[in-house]
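Q: coordinates only, sequence not included:
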């Protein structure tokens, strides 16, 4: 008989029809009550055993962490905490788990720190916290695709291996098939990449944006959703070396349209999570409340997790120019009292996370979209404004996160883009194909990038980005 998922069983009425369920043992009390979980929901199903009808040797193998299959009937529960339970008639041990070895792992019932859980990332999805986070991650992924497909976007797969640096920052992982101990050299002693696999120097992508622009110029509305890589030595709770990026590009959209799209998209996926992940969100919300009890009152959140998510959905994002934001920051108490690590002294400063979070959490107390940044601190492809000093860039800032979205209206004018590339030292021959878009039917177009893990971080209320991706890749760490 095929196993039923626990999530569907918990929504069923008692029935005398025999059922089968498989899962991992979370607890076995009094040689009578098995708490079984199969990953389909955060909730366990209680399986009640009449131990006098089972071999003692069999029951000894029903240990925490073991995989079992039970057969029985679904009956009304006699105890508190659950409406139904399974009256067990048969138990099959699918995979044993030695209790002595389990004690040494995070599968043991005691509480473990998040750092400890990261050390055993191959097991952490079997804990309540990580089961909840990863189910939410999956649902959010679905919501991303659903939003774009419902709104007429075409999904495209941009290359993972690329010869271009979309951000112009140079923080890229090199891809090479050359012998590192004996690579071919040019006459000047540099490595001869013409003899490499791709015939040129190649890297892992930092963004699919440039390639997505080419497809927006033929399909109108496209989006990418795939892995991206940054060789940035940032050991923080907000950075990963490998992460997933969502990047829509839309022909004929200007900066205002781009801001509208970003806000509408974010609200949609967060609402999807609220509508479809109540059990997991309730658990994560309670986890946060317990965590905050140890903090001083002033550091505790004003809203619960689900209140915070609803607040984002129900309120318009505040739209503020970079120039206005600089003035607010210059006049702010933390700046005047030198509490900021990076003091804001003049227009042109590159805003740090502390500044972004001040604007969102202390000043406006809602998500903020900053726009019209100084050209000098933004990428070459952003459209230059008429003032010659600013570009049509935008960043969406969230509480607890800082920047969650970065985007812009793209520079559609051939001569201006060519000059910007020259000024920034970007070789024209490297991106001749990108310049071609401005020669053959150019038009206003815009797009943005949203780091998916930062979205998951916000929705789950987790504090470290390493806890919202299955196997985090960070400086000095490529375990599993």
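A: On my side now, so go ahead. Bear in mind the structure is a predicted one, so any value in this text is a computation, not a measurement.

Q: Please make it C-alpha for all contacts and neighbour counts, starting now.
A: Will do.

Q: Just the residues contacting the longest strand anywhere in the chain, thanks.
A: Determined from DSSP state E, the single longest strand within the chain is strand 15-29. Outside strand 15-29, the residues that touch it by CA atoms under 8 Å, 6 or more residues apart in numbering are 1-6, 33-39, 44, 62-75, 109.

Q: Where does pLDDT dip in this structure?
A: Where the chain drops to pLDDT under 70, the residues are 165-170.

Q: got the contact list for residue 105?
A: Contacts of residue 105 by CA under 8 Å, 6+ apart are residue 120.

Q: With residue 262 instead?
A: With CA under 8 Å, 6+ apart, residue 262 has these contacts: 405, 448.

Q: begin at 28 from here
A: Done: numbering now begins at 28, and the last item shifts to residue 289.

Q: three-state assignment of it?
A: helix (DSSP: H, G, I helix; E, B strand; the rest coil).

Q: buried stuff in stretch 100-116?
A: Residues of stretch 100-116 classed as buried: 100-101, 104, 110-116 (neighbour count, 16 or more other CA atoms under 10 Å).

Q: Show me how far it is from its chain's centre.
A: 37 Å (CA atoms, centre = their mean, to the nearest Å).

Q: ok, back up a step: so how do I select the buried members of the contacts of strand 42-56 in PyMOL?
A: Buried residues among these (16+ other CA under 10 Å), as a PyMOL selection:
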select buried, resi 32+33+60+61+62+63+64+65+66+71+89+90+91+92+93+94+95+96+97+98+99+100+101
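
Q: From the contacts of strand 42-56, which land in helices?
A: Among the contacts of strand 42-56, the ones falling in helices (DSSP state H) are residue 33.

Q: For the residue nearest in space to the middle of the chain, list the residues it contacts.
A: Nearest residue to the geometric centre of the chain (CA atoms, centre = their mean): residue 480, 1.5 Å. The contact partners of residue 480, taken as CA under 8 Å, 6+ apart, are 270-271, 492, 495-496.

Q: buried stuff in the helix or strand it falls within?
A: Element membership for residue 480 (DSSP states H and E) is helix 479-487. The neighbour-count check on helix 479-487 (16+ other CA under 10 Å) flags 479-487 as buried.

Q: still on that earlier bit, ok, which pair from the buried residues of stretch 100-116 is furthest apart?
A: Pairwise distances among the buried residues of stretch 100-116 were taken by CA to CA; the largest, 19.5 Å, belongs to 110 and 116.

Q: follow-up on the earlier one: ok, and for the longest strand of the chain, which residues are buried?
A: Residues 46-55 are the ones in strand 42-56 that count as buried (16+ other CA under 10 Å).

Q: Could you list the paired strands of it along with their orientation?
A: With DSSP bridges as the test, strand 42-56 is paired with strand 60-64 (antiparallel), strand 94-103 (antiparallel).

Q: Distance from the next helix-or-strand element following the shortest one to the middle of the chain?
A: Read it as strand 60-64. The C-terminal neighbour of strand 60-64 among helices and strands, as given by DSSP H and E, is strand 72-75. Computed by CA atoms, centre = their mean, the chain-centroid distance of strand 72-75 equals 34 Å.

Q: after strand 72-75, next one along is what?
A: Heading C-terminal from strand 72-75 (DSSP H and E), you reach helix 83-87.

Q: That next one: which residues count as buried?
A: Buried, per 16+ other CA under 10 Å, within helix 83-87: residue 86.

Q: What count of nearby residues applies to residue 413?
A: Counted with other CA atoms under 10 Å, residues neighbouring residue 413 total 8.

Q: Now residue 263: which helix or strand?
A: Using DSSP H and E, no helix or strand contains residue 263.

Q: what's the neighbour count on it?
A: For residue 263, using other CA under 10 Å, the count is 12.

Q: Show the contacting residues for residue 166.
A: Counting by CA under 8 Å, 6+ apart, the residues that residue 166 touches are 299-300, 303-304.

Q: Centroid-wise, who is the farthest residue in this structure?
A: residue 79 (49.2 Å).

Q: Okay, that one and residue 294: tell me how far apart.
A: Going from residue 79 to residue 294 by CA to CA, to the nearest Å gives 55 Å.

Q: try residue 425
A: Between residue 425 and residue 294 the distance is 12 Å, computed by CA to CA.

Q: Repeat that for residue 431.
A: 13 Å.

Q: any shared contact partners between those two?
A: When CA under 8 Å, 6+ apart defines a contact, no residue borders residue 431 and residue 294 alike.

Q: Let me know the closest of the buried residues of strand 42-56 to residue 174.
A: The shortest gap between residue 174 and any of the buried residues of strand 42-56 belongs to residue 50, at 33.1 Å (CA to CA).

Q: That closest one bridge partners, please.
A: Bridge pairing for residue 50 (DSSP bridges) gives the partners residue 95.

Q: tell me the SS of residue 456?
A: helix.

Q: Check whether residue 478 really touches residue 429, as I assumed.
A: No: with contact defined as CA atoms under 8 Å, residue 478 does not reach residue 429; the gap is 11.8 Å.

Q: Which one of those two is surrounded by more residues?
A: Ranked by neighbour count (other CA under 10 Å), residue 478 and residue 429 place residue 429 first, with 24 against 20.

Q: Going along the chain, name the strands of the stretch 278-427 of the chain.
A: 345-348, 395-401, 417-425 (DSSP state E, counting those that start in this stretch).

Q: sorry, that was for the stretch 78-227 of the chain
A: With DSSP E, counting those that start in this stretch, the ranges of strands along the stretch 78-227 of the chain come out as 94-103, 111-122, 181-182, 188-189, 201-202.

Q: In contact with residue 117: list those residues for me.
A: 97-99.

Q: hmm, try it at 10 Å
A: 47, 76, 80-81, 96-99 (CA atoms under 10 Å, 6 or more residues apart in numbering).

Q: Residues that sit against both of residue 425 and residue 294, list them.
A: Common neighbours of residue 425 and residue 294 (CA under 10 Å, 6+ apart) are residue 339.

Q: Settle it for me: which of those two has more neighbours?
A: Neighbour count, other CA under 10 Å: between residue 425 and residue 294, residue 425 has more, with 25 against 19.

Q: Which helix or strand contains residue 462?
A: Counting by DSSP H and E, residue 462 is found in helix 459-463.

Q: now do residue 466
A: Per DSSP H and E: residue 466 is located in neither a helix nor a strand.

Q: Around it, how many other residues sit close by?
A: 13.

Q: Does it touch residue 445 like I think?
A: No: counting by CA atoms under 10 Å, residue 466 does not reach residue 445; the two are 11.3 Å apart.

Q: so where do the helices sit in the stretch 328-477 of the chain?
A: Using DSSP state H, counting those that start in this stretch, the helices of the stretch 328-477 of the chain run over 332-341, 349-358, 360-363, 380-384, 441-450, 459-463.

Q: Report the inter-axis angle for the second one versus strand 417-425.
A: Here the directions of helix 349-358 and strand 417-425 differ by 60 degrees (axes from the mean of the first three to the mean of the last three CA atoms, to 10 degrees).

Q: what's the spacing between helix 349-358 and its chain's center?
A: The chain centroid and the centroid of helix 349-358 are separated by 29 Å, computed with CA atoms, centre = their mean.

Q: Against which helices or strands is that helix packed?
A: If contacts are counted by 3 or more CA pairs under 10 Å, 6 or more residues apart in numbering; DSSP states H and E, helix 349-358 sits against helix 360-363, helix 380-384, strand 395-401, strand 417-425.

Q: do the fourth one as well
A: For helix 380-384, the helices and strands in contact under the criterion 3+ CA pairs under 10 Å, 6+ apart are helix 349-358, helix 360-363, strand 395-401, strand 417-425, strand 429-436.
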